[in-house]
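**Q** Fold the following, please.
(chains A and B)
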Amino acid sequence: MSITKDEVAHLARLSRLDLSDAELDHFAGQLDQIIGHVARVQEVAAEGIPPMTHAVPVVNVYRDDVEVPCLTPEQALSGAPASEQARFRVPRILTEE
Amino acid sequence: MTAELTHLTAAEIAAAVASGETSAVEVTQAHLNRIVDIDPEVHAFLHVAGLDALAAAEEVDRKRAAGEPLGPLAGVPLALKDVLTTKDMPTTCGSKILQGWRPPYDATVTQRLRDAGVIILGKTNMDEFAMGSSTENSAYGPSHNPWDLSRVPGGSSGGSSAAVASYEAPLGIGTDTGGSIRQPAAVCGIVGMKPTYGGSSRYGLVAFASSLDTPGPLTRTVLDAALLHEAISGHDWRDSTSVNAPVPPVVAAARQADVSGLRIGVVAEFSGEGYQSGVMARFNETVELLESLGAKVVEVSCPHFTYALPVYYLVSPSECSSNLARFDAMRYGLRLGDDGTASADEVMSITREAGFGPEVKRRIMLGTYALSSGYYDAYYGKAQQVRTLICRDFDAAFEQVDVLISPTTPTTAFPIGERVDDPMAMYLADLCTIPSDLAGNAALSVPAGLAPEDGLPVGLQIMAPALADDRCYRVGAAVEAALEQRWGGPLLAQAKGLSR
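**A** Numbers count the residues shown, from 1 in each chain, chains lettered A, B, ... in the order given. Sure thing, here's the model as predicted:
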């Protein structure tokens, strides 16, 4: 079991990380070592054991349906890299094809 | 008087402010002076809010003069980890991607501190997005251990632990996901508590691994930790995983400080290879001490704890890869490469590449891998099942004993730079602290003495079931009282890393 540079490049693409070639090499070695260690969970016999997602057994948490103060548009946009007409302005999201 | 004010405990400061013996402004100014004096050496703070802190202190003094009621920590200064949002200060999470970001709202923890009259001095350094055990993953440079400035103060809450241990603040807030409160407390010779998961609110805590993240206190005494624990705890409707139950009686337990008749289990799995001899020597002494104080100590086996580290490095990166998707260069934080021709997708990739450091990138990719179709069952799915088995080990152990104990960390503070490019070596620092996070239990670290071979602090970890946080304080306070009697004062009095 080992992780290749091509697989790391694929993970980087999925993760939206524009990694350099040197980083791909560096991370491939480190991720291989870490995955080798965490793969130890596969040694454990866990047939029929329920998976645990959360420490607190709470479900369907609702608050009362009452109005509470919320951020103004100015506050919500206060950290935006760019805004226009009380909205977030973003780079183009569609291709021209 | 100024130097003395910085060396008082939080409980002593609050009493002195309440009685009028000193003022909150005087106390705050003394701590701000201390920060100016020594933070260039320690680098605990990323942002100091001197004027706001003095204004908050004036308000406490005004309330006292007007005869209005003051809380038990009113007028006491605090160092806040830079992962909790503050609307009047930047919140960077130790990352370039959030450099200069000012959140539009306060975290619940921040709000509760303000309501309690606690004086927030500023925001402390941390490993980027709380991923690390040394603060070396901060984009703003590491903090230094006040016992030896060439060593790490632990992490990820290392700025808060360094601030408290160097008398820049009597109180600190950290967050614990795999040990990020207890490990820095242990290696800095102070007290650190991870409350029961859901006991303290995650609202406004910038998420790393949502099923694990828990805010909690870093202090110089067990009683101060209990007072701060109480101040920040309790149900919060803004956090859907907040526990809707009474806060455990932690302050009363810290004052009780009595272990007679208590059943204490030593975790058999947390010893042997990888554990420094001086750490084990101090740990074994505390076991004898607890027996002499009337506790019944037995050895307990928790066989799945040996898989806690692999489980953690599947569960937490998986949650991280999902949580950190919010840093998309669109709504807040850094945006790079937006030249009018690049697509949103390209801008995201360029920004995240430049804005995240290596450890964050590693964990995002590791989580993306563990959650990929084809690998999900073998990694994330299996880790979740083993997480259940770790909880069952705790359940079985807590049928036999009231609390479990272990060393907090396998070694004392390591030199800056030693593990920074060896992720597996770094991860081992959290070997003993991770199980309580995975199970959502309460756990406390208290000073246990110095390792003879390097003269650096060792921590004792006390683990209790969920919502039995008070048991940690009961044991921790008893150990603290007995050891301080043996040492002739607090352990920190022996720290020699700082010239002042």
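**Q** Quick check, the residue in chain B closest to chain A?
**A** residue B:440 (2.3 Å; CB to the nearest CB). C-beta here means a position set from N, CA and C on the backbone, and glycine is covered the same way.
**Q** Give me the neighbour count for that residue.
**A** Residues lying near residue B:440 (other CB atoms under 10 Å in any protein chain shown) number 27.
**Q** if I read this right, it contacts residue A:56, doesn't it?
**A** Yes - with contact defined as CB atoms under 8 Å, residue B:440 reaches residue A:56; the gap is 6.2 Å.
**Q** what about the strands in the chain?
**A** Went with chain A since none was named. Assigned by DSSP state E, the strands in chain A fall at A:83-84, A:87-88.
**Q** that's the wrong chain, I meant chain B
**A** Remark: strands assigned in chain B by DSSP E are B:45-48, B:77-81, B:119-124, B:171-176, B:191-194, B:214-219, B:263-267, B:296-300, B:403-407, B:442-450, B:457-464.
**Q** Let me have those in TSV, adding distance to chain A and mean neighbour count as columns.
**A** Formatted as TSV, the strands of chain B follow (distance: least, CB to the nearest CB, whole Å; neighbours: other CB atoms under 10 Å in any protein chain shown):
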stretch	distance to chain A	mean neighbour count
strand B:45-48	16	22
strand B:77-81	19	31
strand B:119-124	16	28
strand B:171-176	12	31
strand B:191-194	12	33
strand B:214-219	9	30
strand B:263-267	18	20
strand B:296-300	19	15
strand B:403-407	17	27
strand B:442-450	11	29
strand B:457-464	14	29
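**Q** Kindly reformat those as CSV containing mean pLDDT.
**A** Putting the strands of chain B into CSV (pLDDT from 0 to 100) gives the following:
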stretch, mean pLDDT
strand B:45-48, 98
strand B:77-81, 98
strand B:119-124, 98
strand B:171-176, 98
strand B:191-194, 98
strand B:214-219, 98
strand B:263-267, 98
strand B:296-300, 98
strand B:403-407, 98
strand B:442-450, 98
strand B:457-464, 98
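**Q** elements contacting the longest helix that chain A contains?
**A** Criterion DSSP state H: the longest helix present in chain A is helix A:21-38. Contacts defined by 3 or more CB pairs under 8 Å, 6 or more residues apart in numbering or on different chains; DSSP states H and E place helix A:21-38 against helix A:5-14, helix B:308-323, helix B:358-370, helix B:423-427.
**Q** Rounded mean pLDDT for the second one, please.
**A** Spelled out, it's helix B:308-323. On average, the pLDDT along helix B:308-323 is 97.
**Q** same thing with stretch B:348-364?
**A** Rounded mean pLDDT across stretch B:348-364 is 98.
**Q** how about it: buried residues?
**A** Neighbour-count burial for stretch B:348-364 flags B:348-353, B:355-364 (criterion: 16 or more other CB atoms under 10 Å in any protein chain shown).
**Q** Next, the contact list for the closest residue to chain B within chain A, please.
**A** For chain A and chain B, the shortest gap (CB to the nearest CB) falls at residue A:55, measuring 2.3 Å. Contact analysis of residue A:55 by CB atoms under 8 Å, 6 or more residues apart in numbering or on different chains lists B:197-198, B:211-212, B:438-441, B:466.
**Q** how near is it to residue B:195?
**A** 12 Å (CB to CB, to the nearest Å).
**Q** Could you tell me which residues make contact with residue B:348?
**A** Per CB under 8 Å, 6+ apart, neighbours of residue B:348: A:16, B:328-330.
**Q** give me the number of residues near the nearest residue in space to it that is not next to it in sequence?
**A** Spatially, and ignoring its direct neighbours in sequence, residue B:348 is nearest to residue A:16 (4.6 Å; CB to CB, 6 or more residues apart in numbering or on different chains). By other CB under 10 Å, 21 other residues sit near residue A:16.
**Q** What pLDDT does the model give residue A:16?
**A** Residue A:16 is given a pLDDT of 98.
**Q** In this structure it contacts residue B:352, no?
**A** Yes - Residue A:16 lies in contact with residue B:352 (CB under 8 Å); the separation is 5.3 Å.
**Q** Against the centre of chain A, work out the most remote residue.
**A** residue A:66 (32.0 Å; CA atoms, centre = their mean).
**Q** Please apply the same query to chain B.
**A** Ranked by distance from the centre of chain B (CA atoms, centre = their mean), the top residue is residue B:341, with 43.9 Å.
**Q** thinking again about what came up before, could I get the strands of chain B as a markdown table with distance to residue B:204?
**A** Output for these, formatted as a markdown table (distance: least, CB to CB, whole Å):
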| stretch | distance to residue B:204 |
| --- | --- |
| strand B:45-48 | 16 |
| strand B:77-81 | 11 |
| strand B:119-124 | 13 |
| strand B:171-176 | 11 |
| strand B:191-194 | 18 |
| strand B:214-219 | 9 |
| strand B:263-267 | 34 |
| strand B:296-300 | 37 |
| strand B:403-407 | 31 |
| strand B:442-450 | 22 |
| strand B:457-464 | 26 |
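**Q** sorry, back to before: quick check: closest non-adjacent residue to the residue of chain B closest to chain A.
**A** residue A:55 (2.3 Å).
**Q** Next: residue B:306.
**A** Per CB to CB, 6+ apart, closest to residue B:306 is residue B:269, 5.5 Å.
**Q** Hmm, that neighbour is touching residue B:301, no?
**A** Yes - contact status for residue B:269 versus residue B:301: in contact at 6.9 Å, counting by CB under 8 Å.
**Q** Would you mind telling me which of these two has more residues around it?
**A** Comparing residue B:269 with residue B:301 by other CB under 10 Å, the one with more neighbours is residue B:269, at 19 against 14.
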